[in-house]
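Asks: Return atomic coordinates for the entry below.
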Amino acid sequence: MLVLTGNFPTVSQTFVLREIQAAKELGWSVHVIASGVGNETDLKQASEYGISQKEYSILNWRYCIPTFNCKNKKIIEAAERDKYGWYLSLKRKTYFKKLLKHAFVQQADLIHAHFVQWASEVGVGLSRILGIPLTIEAHDGHLPLYPKETLTKVQNTASAIGCVSNEWVDVWANKTGSREKLHWLPNGVDLGEFKIAPQKTSKTPVIISVSNCVEHKRPQDLLQAAAILKKKELDFKMVIVGGGPFLTRLRKLSSDLALNDTCRLIGAQPHSRVREEFLAADIFALCSERESFGIVTVEAMSSGLPTITSRTAGAKDIVLEGETGYTFNAGDVASLTQHLERLIKDHRLRRSMGLKGRDRASSKFSWQNHMNIVSGMWHMPETQKRTVPQSHEDPHE
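Replies: Below you'll find the model as predicted:
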């Protein structure tokens with residue numbers, strides 16, 4: 001199996017690492033093709049999942065030297081000159097020729113792409129060149145921005161497409177006019193990794209948020225809410241986990257709002273540290289403008305935390321309003337503050353919602369449930385078909 005993704009490995013995408021591990025346990029030989037490589041923390045986490053550096057290759061077609069001499073019709077078609085233009089299509093020819101030199105590509109019998117971008121840019125072309133099936137997981141937070149032509153091309157080529165939220169299934173089907181090959185494929189967590197946060201009645205409640213510090217995640221809304229709650233003289237602490245280009249500005253905002261004694265911004269952390277922070281917390285909050293799913297919300301629920309999340313595509317599937325937590329419109333700091341205040345003041349409500357959330361995570365979003373659906377996609381009759389090559393052209397020409 002060839003797995004296509006963007007930067008690899010990366011701590012914010014543990015679902016990719018875990019799925020590769022699970023595929024290997026199911027007997028698949030897996031090799032990852034990625035466009036970029038992660039940092040030292042990312043590499044360490046990959047090794048913890050039993051993935052060695054020999055099992056992935058970093059190659060980005062945008063950085064390839066153009067190829068002017070290529071006679072292979074399938075590579076020429078995969079280069080998509082009409083879409084990418086003359087010069088970039090030459091780079092794409094080089095890219096596919098380089099891939100075809102590797103035994104792990106020639107011997108592959110299935111391509112599994114994470115994110116529509118890599119399915120469109122690489123998966124479709126490689127599937128047609130090799131004559132092997134393509135399956136896809138549409139995690140993309142910006143799925144509604146893809147043009148109809150891109151989604152139609154991917155849908156026509158793929159054997160099965162897993163959309164991580166029901167809303168994304170609807171978005172895709174409305175764009176292309178077809179639900180064929182589309183499946184609801186929620187991400188899952190291994191509940192065995194998450195201990196339930198102990199009941200705390202006397203200590204200061206801790207609010208935790210975990211996300212990349214980028215603008216569309218809106219971490220500044222949490223600080224604005226914290227400033228309002230502090231003016232009301234409520235007793236609480238806040239921890240924001242996540243690194244990114246917005247972190248420096250966020251730390252300045254925390255200082256400007258006089259929150260340095262209330263809020264800790266601890267940057268990007270390995271998954272083991274995130275689990276520890278969940279255990280010390282009482283409330284989870286996420287303010288993102290868009291989340292295709294929001295695996296971290298399920299992880300917080302698995303730790304027995306009530307969740308307050310913006311009303312994104314994934315949150316609509318995950319959160320039971322008023323039972324496991326609350327949702328609000330992204331950017332509505334007043335509603336976010338109101339929900340936080342209610343849970344800060346009521347430890348019994350926190351506990352009740354947290355336990356219901358844990359039960360929901362177990363019944364709807366377990367890792368076993370996720371892998372049952374993915375494995376089913378890999379073993380569908382359509383996925384077992386390998387097309388007969390149309391010619392005996394040398395793929396390296």
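
Asks: and Leu349, what does it touch?
Replies: 306, 342-343 (C-beta atoms under 8 Å, 6 or more residues apart in numbering). (Each C-beta comes from the backbone N, C-alpha and C, glycine too.)

Asks: Can you say which of those are buried?
Replies: 306, 343 (16 or more other C-beta atoms under 10 Å).

Asks: Show me the shaky parts of the stretch 101-250 of the chain.
Replies: Within the stretch 101-250 of the chain, the segments meeting pLDDT under 70 span 200-202.

Asks: now the helices for it?
Replies: All helices of the stretch 101-250 of the chain, identified by DSSP state H, counting those that start in this stretch, fall at 103-106, 116-118, 124-130, 148-157, 166-176, 219-231, 247-256.

Asks: Go through the lengthiest helix in the chain and flag the buried ones.
Replies: Looking across the chain with DSSP state H, the single longest helix is helix 81-100. Neighbour-count burial for helix 81-100, with 16+ other C-beta under 10 Å as criterion, is recorded at 84, 88-100.

Asks: Likewise for stretch 162-169?
Replies: Under 16+ other C-beta under 10 Å, the buried positions of stretch 162-169 are 162-165, 167-169.

Asks: Distance to Thr41 added to those residues, as a markdown table?
Replies: Converted to a markdown table, the buried residues of stretch 162-169 look like this (distance: C-beta to C-beta, whole Å):
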| residue | distance to Thr41 |
| --- | --- |
| Gly162 | 28 |
| Cys163 | 29 |
| Val164 | 24 |
| Ser165 | 28 |
| Glu167 | 32 |
| Trp168 | 29 |
| Val169 | 34 |
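
Asks: Quick check: the two most widely separated of those residues?
Replies: Gly162 and Glu167 (13.9 Å; C-beta to C-beta).

Asks: before we move on, back to that, let's have the helices of the stretch 101-250 of the chain in TSV, adding distance to Glu277.
Replies: Below are the helices of the stretch 101-250 of the chain laid out as TSV (distance: least, C-beta to C-beta, whole Å):
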stretch	distance to Glu277
helix 103-106	38
helix 116-118	31
helix 124-130	40
helix 148-157	37
helix 166-176	29
helix 219-231	15
helix 247-256	16
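
Asks: Glu321 is nearest to which of those?
Replies: That would be, of these and by C-beta to C-beta, helix 166-176, which comes in at 15.5 Å.

Asks: tilt between the closest one and helix 148-157?
Replies: With axes from the mean of the first three to the mean of the last three C-alpha atoms, to 10 degrees applied, the angle from helix 166-176 to helix 148-157 works out at 100 degrees.

Asks: can you list contacts of helix 166-176?
Replies: 138, 143-144, 146, 148, 151-152, 155, 161, 163, 179, 182-184, 292, 313, 316-317.

Asks: Please export the C-alpha coordinates of stretch 269-278 as PDB.
Replies: The C-alpha trace of stretch 269-278 is given here as PDB (Å, rounded to 0.1, in the frame of the first residue of the first chain):
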ATOM      1  CA  GLN A 269       3.800  19.200  22.700                       C
ATOM      2  CA  PRO A 270       4.000  15.500  22.000                       C
ATOM      3  CA  HIS A 271       0.800  13.500  22.300                       C
ATOM      4  CA  SER A 272       1.900  12.000  25.600                       C
ATOM      5  CA  ARG A 273       2.200  15.500  27.100                       C
ATOM      6  CA  VAL A 274      -1.300  16.400  25.700                       C
ATOM      7  CA  ARG A 275      -2.800  13.400  27.500                       C
ATOM      8  CA  GLU A 276      -1.200  14.500  30.800                       C
ATOM      9  CA  GLU A 277      -2.600  18.000  30.400                       C
ATOM     10  CA  PHE A 278      -6.000  16.600  29.800                       C
END
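
Asks: quick one, domains of the chain?
Replies: With automatic domain parsing as the criterion, the domains of the chain are listed as 2-188+369-384, 191-365.

Asks: hey, where'd the strands end up in this protein?
Replies: All strands of the chain, identified by DSSP state E, fall at 2-8, 31-37, 56-58, 111-114, 134-138, 160-163, 182-184, 206-210, 237-241, 263-267, 283-286, 307-310, 325-328.

Asks: Which one, of these, ends up nearest to Leu250?
Replies: Leu250 sits nearest to strand 263-267 of all those, at 6.0 Å, using C-beta to C-beta.

Asks: could the buried residues of helix 81-100 go into TSV alongside distance to Gly38?
Replies: Below are the buried residues of helix 81-100 laid out as TSV (distance: C-beta to C-beta, whole Å):
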residue	distance to Gly38
Tyr84	27
Leu88	26
Ser89	29
Leu90	29
Lys91	24
Arg92	24
Lys93	28
Thr94	24
Tyr95	21
Phe96	24
Lys97	26
Lys98	21
Leu99	21
Leu100	26
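
Asks: Kindly tell me how buried His370 is, as a neighbour count.
Replies: Using other C-beta atoms under 10 Å, the number of residues around His370 comes to 23.

Asks: Leaving out chain neighbours, which residue sits closest to it?
Replies: The shortest distance from His370 to any non-neighbouring residue, by C-beta to C-beta, 6 or more residues apart in numbering, is to Gly188 (3.1 Å).

Asks: Could you tell me how many residues sit around that neighbour?
Replies: Neighbours of Gly188 (other C-beta under 10 Å): 24.

Asks: Please apply the same query to Ile207.
Replies: Ile207 has 25 neighbours, counted by other C-beta under 10 Å.

Asks: and what of the one 5 residues further on?
Replies: Residue neighbour count, defined by other C-beta under 10 Å, stands at 19 for Asn212.

Asks: what sits against the residue lying closest to Leu340 once chain neighbours are set aside?
Replies: Nearest non-adjacent residue to Leu340, counting by C-beta to C-beta, 6+ apart: Ala225, 5.8 Å away. Ala225 sits next to 333, 336-337, 340 when contact means C-beta under 8 Å, 6+ apart.

Asks: Which one of those is nearest to Ile58?
Replies: Nearest to Ile58 among the contacts of Ala225, with distances taken as C-beta to C-beta, is Leu336, at 39.2 Å.

Asks: you'd agree that closest one is up against Ile308?
Replies: Yes. Leu336 is within contact range of Ile308, at 6.7 Å (criterion: C-beta atoms under 8 Å).

Asks: Can you work out which residues contact both of the two?
Replies: In contact with both Leu336 and Ile308: 285, 328, using C-beta under 8 Å, 6+ apart.
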